[in-house]
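Q: Quick one, fold the following:
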Amino acid sequence: MIGQQVSGAVLGLALSMAAASPAGADEVTVASDPAGAVPLSPTEFIPPDDGYDWLRLVSGEWLKGELIGLFDGEVEFDSEILDKLVIDAEDIRDVRSSRRFGISVRGEEMLIGTVSMHGDRVIVDTGSQRYQLPRQDLVAVTASAERERDRWSGDINLGVNLRQGNVDRVEYNMVAGLDRRTPNHRLRIDYIGSYNKTDDIETANDHRLNFVLDRFSGSRLFWRPILGQYLRDPFQNIEHQVTLETGLGYELVDNGRTEWEIYSGVGANRVRRVSVEAGQPLRSTSPAFTLGTDFETELTSWM
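A: Here you go, the predicted model:
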């Protein structure tokens, strides 16, 4: 079932910074300070305007490099010295960007500009105006359109077993995922496959491909224009199976440590069987309905 698909760090939905917002500061406002800067003590390091992005951890350490994006409670940062890092948003105190980003704000239109954060406040400079908003209302920060490669990320796990002797065996298992994220959209593609051939007898040959496209409006409700799955498993009498659906989802919890969402979809399912009884069709089409939930939490934060 599609509702049982693997949920990665890909199928969580919005970035909600863990810092609390001060009372009365729950709207996007135009920053009154023309400089838009948060004052620092005279002894604190002030990042130079050198074309790099700067990030400060809660420990006080500064990192210099390139901000890739913020999504799903995580910050991706390409450090000048430490290479690419993925850091929990709650472990970050300050961010100062030199480049323009797409900034998605809960309940508001997307903003394009540079972004700076200090504590529980975020300031976005669009060039013509500066906006101040609570950090908890920040949904995502993604690279501008000219950096298409920064919108993609993926992972792959492959296991291979080759054995010759009393028993000849060829076996492989593969799990792969690919994500594309923007402030308003998320595309997730997952593949799971396995193959086994022992003494020239095939005992497993199944492949499953899932793909999901989500569109966010800035609220907790999101639209899933397309949710699909391709399945091949001859040993389950499935030559080919294609399912296509569309639906809606809703974020129940998103607090930086825990993400929980529910979703549903309706569509159609098309199956071609390997073999059937006499008089039965090889192909069939039926309605499809999905009701599912994704839950993800960070256990280490409790220890």
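Q: For the rest of this, base every contact and every neighbour count on C-alpha atoms.
A: OK.
Q: Apart from its chain neighbours, what residue comes closest to Ile156?
A: Closest residue in space to Ile156, ignoring its immediate chain neighbours: Ala176 at 4.1 Å, by Cα to Cα, 6 or more residues apart in numbering.
Q: Tell me who's in contact with the one you found.
A: Gly154, Asp155, Ile156, Asn157, Asp190, Tyr191, Ile192 (Cα atoms under 8 Å, 6 or more residues apart in numbering).
Q: where does Val58 fall, phi/psi-wise?
A: For Val58, the backbone dihedrals are phi -70, psi -20 (criterion: degrees, to the nearest 10).
Q: and the gap between it and His118?
A: To His118, Val58 is 11 Å away according to Cα to Cα, to the nearest Å.
Q: The two: which is more packed in?
A: With neighbours defined as other Cα atoms under 10 Å, Val58 and His118 compare such that His118 has more, 17 against 12.
Q: Can you tell me the closest non-neighbouring residue to that one?
A: Nearest non-adjacent residue to His118, counting by Cα to Cα, 6+ apart: Asp94, 4.6 Å away.
Q: ditto for Ile112
A: Leaving aside its chain neighbours, Ile112 sits nearest to Gly102 (4.7 Å; criterion: Cα to Cα, 6+ apart).
Q: and what of Trp62?
A: Arg56 (4.3 Å).
Q: For that neighbour, list the residues it contacts.
A: For Arg56, counting by Cα under 8 Å, 6+ apart, the contacting residues are Trp62, Leu63, Ile92, Arg93, Asp94, Val95.
Q: now with 10 Å?
A: Pro47, Trp62, Leu63, Lys64, Asp91, Ile92, Arg93, Asp94, Val95, Arg96, Met117, His118 (Cα atoms under 10 Å, 6 or more residues apart in numbering).
Q: so what's it bridging to?
A: Trp62, Asp94 (DSSP bridges).
Q: how close does it get to Leu82?
A: Separation of Arg56 from Leu82 (Cα to Cα): 14 Å.
Q: hang on, the earlier thing: what confidence value was assigned to the residue nearest to Ile156?
A: Looking at Ala176, its pLDDT stands at 96.
Q: Each with direction, which strands does the helix or strand encompassing it pair with?
A: Secondary structure from DSSP states H and E places Ala176 in strand 169-181. Sheet pairing for strand 169-181, assigned by DSSP bridges, gives strand 152-163 (antiparallel), strand 185-198 (antiparallel).
Q: who touches the shortest one?
A: Yep, that's strand 152-163 we're talking about. Residues from elsewhere that reach strand 152-163 (Cα under 10 Å, 6+ apart): 10, 168-182, 187-198.
Q: can you do 6 Å?
A: Arg169, Val170, Glu171, Tyr172, Asn173, Met174, Val175, Ala176, Gly177, Leu178, Asp179, Arg180 (Cα atoms under 6 Å, 6 or more residues apart in numbering).
Q: which strand residues sit across from the first one in the sheet?
A: Beta-bridge pairing of Arg169, defined through DSSP bridges, involves Arg163, Thr198.
Q: what about it, how many neighbours?
A: There are 17 residues near Arg169, going by other Cα under 10 Å.
Q: Next: the third one.
A: Using other Cα under 10 Å, Glu171 has 18 neighbouring residues.
Q: Find me the pLDDT at the closest residue to it other than its chain neighbours, would you?
A: Leaving out its chain neighbours, the residue that sits closest to Glu171 by Cα to Cα, 6+ apart is Asn196, at 4.4 Å. We have a pLDDT of 95 for Asn196.
Q: Isn't Asn196 up against Ala204?
A: Yes - counting by Cα atoms under 6 Å, Asn196 sits close enough to Ala204 to count as a contact (4.9 Å).
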